[in-house]
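A.B. asks: Sharing a model that was predicted from the sequence below.
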Amino acid sequence: MNWDQVEGNWKQFKGKVQSQWGKLTDDDLDVIAGDRKQLAGKIQERYGKVQEEADREVDDWLSRH
């Protein structure tokens with residue numbers, strides 16, 4: 001799967017994203033709105049991770065879906 005598919009079907013993926021990163025709120029997910037950089041940024045913010053780690057987590061998640 002590629003990120004364009006996630007972005008285009010964000011409403012369907014929101015639940016999967018929230019189950020992976022439970023600290024993300026519904027408001028966070030609405031702000032992210034399928035934007036990969038926004039998602040990585042919110043993961044950094046909520047989990048105290050560095051950018052590279054957050055990007056790697058998003059890539060790993062994407063490869064499994």
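C.D. replies: On my side now, so go ahead. Numbering: from 1, shown residues only.

A.B. asks: The helix or strand of the chain with the lowest mean pLDDT: what's the following helix or strand?
C.D. replies: Scoring the helices and strands of the chain by mean pLDDT, DSSP states H and E places helix 3-8 at the bottom, with a mean of 92. Downstream of helix 3-8, the next assigned helix or strand under DSSP states H and E is helix 10-20.

A.B. asks: Only the buried residues of that following helix, if you could.
C.D. replies: Going by neighbour count (16 or more other Cβ atoms under 10 Å), the buried part of helix 10-20 is 13, 14, 17. For the C-beta atoms, the positions are set from N, CA and C on the backbone; glycine is no exception.

A.B. asks: Now do the contacts for the nearest residue to the second one once chain neighbours are set aside.
C.D. replies: Excluding its sequence neighbours, the residue lying closest to residue 14 (Cβ to Cβ, 6 or more residues apart in numbering) is residue 29, at 4.9 Å. Contact analysis of residue 29 by Cβ atoms under 8 Å, 6 or more residues apart in numbering lists 14, 17, 18.

A.B. asks: what does residue 3 give?
C.D. replies: With contact set as Cβ under 8 Å, 6+ apart, residue 3 has these partners: 36, 62.

A.B. asks: With distance to residue 44 and pLDDT as new columns, can the contacts of residue 29 be given to me in TSV?
C.D. replies: Shown next, in TSV, are the contacts of residue 29 (distance: Cβ to Cβ, whole Å; pLDDT from 0 to 100):
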residue	distance to residue 44	pLDDT
14	19	94
17	15	96
18	17	94
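
A.B. asks: Which one of these is nearest to residue 38?
C.D. replies: residue 17 (11.2 Å; Cβ to Cβ).

A.B. asks: Okay, that closest one and residue 61: tell me how far apart.
C.D. replies: Using Cβ to Cβ, to the nearest Å, one obtains 8 Å as the distance from residue 17 to residue 61.

A.B. asks: Then residue 39?
C.D. replies: From residue 39 across to residue 61, the span is 9 Å (Cβ to Cβ).

A.B. asks: Identify the contacts common to the two.
C.D. replies: Common neighbours of residue 39 and residue 61 are listed as residue 17 (criterion: Cβ under 8 Å, 6+ apart).

A.B. asks: For burial, what's the neighbour tally of residue 38?
C.D. replies: Residues within reach of residue 38, counting by other Cβ atoms under 10 Å, total 14.
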